[in-house]
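S.K.: let's see this in three dimensions:
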Amino acid sequence: MAKKQKFQSPQGMHDILPEDQGYFEKLYSTAENIAAFYGFEKIETPILEFTELYEKGTGLNTDIVEKQMFSLRTKGGDSLTMRPEFTPGVMRAFIQHGMMNLPQPVKLYSIGPVFRYESPQAGRFRQFRQVNFEVFGEKSPAIDAQVIQAFYNLLSELKFKNLVIEVNSIGASCCRPYFKKILTSYLRSRVNSLCLDCKRRVRENPLRFLDCKEEKCQPIKAQAPQIIDHLCEECNNHFKETLEFLDELGLPYRLNPYLVRGLDYYTKTVFEIFNETPSLEGTLPVALIGGGRYDNLGKVVGGKDIPACGGAAGVERIVNEMKKNKLRVSADTKKEVFLAQVGDLAKKKSLKLFEEFRKAKIPVAESLSKDSLKVQLTRADRLNVRYALILGQKEALEKTVILRDMKNGIQDTYKIEKAVSEIKKRLKRKK
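M.R.: Numbering: from 1, shown residues only. This is a model prediction of the structure:
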């Protein structure tokens, strides 16, 4: 029986192996290019924040705060939490550093790990990564549309084809309390047919019922009152203008009157973006990106009215979809040169020559750990390089190098100090 390995990664946390790094790097570089184009500047907030920030900002009755936070108490008695999301921390930083005094709006983006203690399952991890775009200090629905556009373009640049945006308005404090009463009244008469979580939600936060994915709640949800029918004039106009901007941009969206998102701070516009390419496993599409407007968060976090809008892209979910749909990522820079060596003196000379190619910005492959010339040239063939540089004991003593054209087998000998310039010349000719 094979001996069980003593140490493994903690449950719900995963290694990103070299063969997957290309997907993550492609996503990050694309996000940074999108951010630069739309004027977002990068911000990095601590992984640990005071627990109260999430209890107040994200909401005491949200699943994140009730069930999913990694929290700890310091020796000094402070309660800290590993960030389960970026937005409350970015809002805290915005207020703490007086960014409301900068020209508005202020656009910020974040990339990094977040942590949620939930049951690990397909596409859900306890440590995962997000890309966030956030805009502070602007009420205009044009910002809602631009945030959606930026995220949509992120997925488009990654070659996703069948994208659809779901969008809704959940109103604000001017109209949402009235709708909550209507929804609560509707649910109370059907409470025995609800799942356990939704029975609790009827008492604590009835809007969360609309976010329920349990099968037994779906028929009740389908007949539930819709908040869009109960918006005040201001929220209705804001949503109408947001949709007009999306129409003007030609973005593919559909109204989802039951979309609420699972966080307390959202107001007015909420959205999610899906890839609707049928999956081989026949699973339902999952939201790759979600967000909305959160005009009340500034008041909760720092006592200041700060209109804001933003969203988060789930990195692992996007990478998983890229792999499932066989979306290609660029391979590493192709190497045209292979440096082969035989003998200790040749190895020493090779190390120096290798550095000269690095300074000249010419990618070179090598097998310094191998002694057999045949093994090294076989690897050069596999890598499909055009030129091999061969250093043996004789060449090392004479300060020369053999340059072999791997396509036709022709070999020439050059002084070692001329190797870089000769390769440069040949690569230029090849272009």
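S.K.: buried set for stretch 134-150?
M.R.: 134-141, 143-150 (16 or more other Cβ atoms under 10 Å). For the C-beta atoms, the positions are set from N, CA and C on the backbone; glycine is no exception.
S.K.: inside strands: which ones of those?
M.R.: Mapping the buried residues of stretch 134-150 onto strands (DSSP state E) picks out Glu134, Val135, Phe136.
S.K.: from these, pick the one nearest Leu158.
M.R.: For those, the minimum distance to Leu158 (Cβ to Cβ) is 20.7 Å, reached by Glu134.
S.K.: correct me if wrong: the closest one contacts Tyr109.
M.R.: Yes - Glu134 lies in contact with Tyr109 (Cβ atoms under 8 Å); the separation is 7.1 Å.
S.K.: before we move on, the earlier item: mind putting the ones in strands among the buried residues of stretch 134-150 in JSON lines, pLDDT included?
M.R.: Formatted as JSON lines, those follow (pLDDT from 0 to 100):
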{"residue": "Glu134", "pLDDT": "97"}
{"residue": "Val135", "pLDDT": "98"}
{"residue": "Phe136", "pLDDT": "98"}
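S.K.: burial count for the closest residue to Lys268 other than its chain neighbours?
M.R.: In this structure, Lys268 finds its nearest non-sequential neighbour in Arg293, 4.5 Å apart by Cβ to Cβ, 6 or more residues apart in numbering. Look at Arg293: counted by other Cβ atoms under 10 Å, it has 29 neighbours.
S.K.: what's the distance between Arg293 and Ala93?
M.R.: 19 Å (Cβ to Cβ, to the nearest Å).
S.K.: with Asp405 instead?
M.R.: The gap separating Asp405 from Ala93 is 57 Å, by Cβ to Cβ.
S.K.: now the longest helix belonging to the chain: buried residues?
M.R.: Ordering each helix of the chain by length in residues (DSSP state H) puts helix 18-38 first. Buried positions in helix 18-38, judged by neighbour count with 16+ other Cβ under 10 Å: Asp20, Gly22, Tyr23, Phe24, Lys26, Leu27, Thr30, Ala31, Ile34, Ala35, Tyr38.
S.K.: the residues you listed into CSV, with extra columns for distance to Cys232 and pLDDT?
M.R.: Formatted as CSV, the buried residues of helix 18-38 follow (distance: Cβ to Cβ, whole Å; pLDDT from 0 to 100):
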residue, distance to Cys232, pLDDT
Asp20, 47, 90
Gly22, 49, 90
Tyr23, 44, 93
Phe24, 43, 94
Lys26, 43, 93
Leu27, 39, 95
Thr30, 39, 95
Ala31, 35, 97
Ile34, 34, 96
Ala35, 34, 96
Tyr38, 30, 95
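S.K.: let me have those in a markdown table, adding distance to Thr378 as columns.
M.R.: Formatted as a markdown table, these follow (distance: Cβ to Cβ, whole Å):
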| residue | distance to Thr378 |
| --- | --- |
| Asp20 | 27 |
| Gly22 | 25 |
| Tyr23 | 30 |
| Phe24 | 31 |
| Lys26 | 31 |
| Leu27 | 35 |
| Thr30 | 36 |
| Ala31 | 40 |
| Ile34 | 43 |
| Ala35 | 44 |
| Tyr38 | 49 |
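S.K.: between the residues you listed, which sits nearest Arg129?
M.R.: Nearest to Arg129 among the buried residues of helix 18-38, with distances taken as Cβ to Cβ, is Phe24, at 7.7 Å.
S.K.: are we agreed that Arg328 is in a helix?
M.R.: No - assigned with DSSP: H, G, I helix; E, B strand; the rest coil, Arg328 falls outside any helix and is coil.
S.K.: helix or strand for the closest residue to it other than its chain neighbours, just tell me which one.
M.R.: The shortest distance from Arg328 to any non-neighbouring residue, by Cβ to Cβ, 6+ apart, is to Lys159 (7.6 Å). Using DSSP states H and E, Lys159 falls within no helix or strand.
S.K.: contacting residues for the residue nearest to Leu154 when sequence neighbours are not counted?
M.R.: Distances taken as Cβ to Cβ, 6+ apart place Ile34 nearest to Leu154, at 5.1 Å, with adjacent residues excluded. With contact set as Cβ atoms under 8 Å, 6 or more residues apart in numbering, Ile34 has these partners: Ala150, Asn153, Leu154, Glu157.
S.K.: can you read off the pLDDT for the last one?
M.R.: Spelled out, that is Glu157. On pLDDT, Glu157 comes in at 94.
S.K.: now the first one
M.R.: Per-residue pLDDT puts Ala150 at 97.
S.K.: ok, it to Gly39 distance?
M.R.: 10 Å.
S.K.: same deal with Arg201?
M.R.: Arg201 is 39 Å from Gly39, by Cβ to Cβ.
S.K.: pull out the buried positions in stretch 59-66.
M.R.: For stretch 59-66, burial by neighbour count (16+ other Cβ under 10 Å) applies to Gly59, Thr62, Asp63, Ile64, Val65.
S.K.: tabulate those residues (TSV), appending distance to Thr45.
M.R.: As requested, these are exported to TSV (distance: Cβ to Cβ, whole Å):
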residue	distance to Thr45
Gly59	19
Thr62	19
Asp63	22
Ile64	16
Val65	18
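S.K.: now, those that are in helices?
M.R.: Per DSSP H, these map to helices at Asp63, Ile64, Val65.
S.K.: what's the closest of the ones in strands among the buried residues of stretch 134-150 to Met82?
M.R.: Glu134 (19.7 Å).
S.K.: so who does the residue lying closest to the closest one once chain neighbours are set aside touch?
M.R.: Excluding the flanking residues, the one nearest Glu134 by Cβ to Cβ, 6+ apart is Gly310, at 3.5 Å. The contact partners of Gly310, by Cβ under 8 Å, 6+ apart, come to Thr87, Asn132, Phe133, Glu134, Val135, Val147, Gly291, Tyr294.
S.K.: how close does Tyr152 get to Ala313?
M.R.: For Tyr152, the distance to Ala313 - Cβ to Cβ - is 11 Å.
S.K.: between the ones in strands among the buried residues of stretch 134-150, which is nearest Lys418?
M.R.: Nearest member of those to Lys418, counting by Cβ to Cβ, is Glu134, at 54.4 Å.
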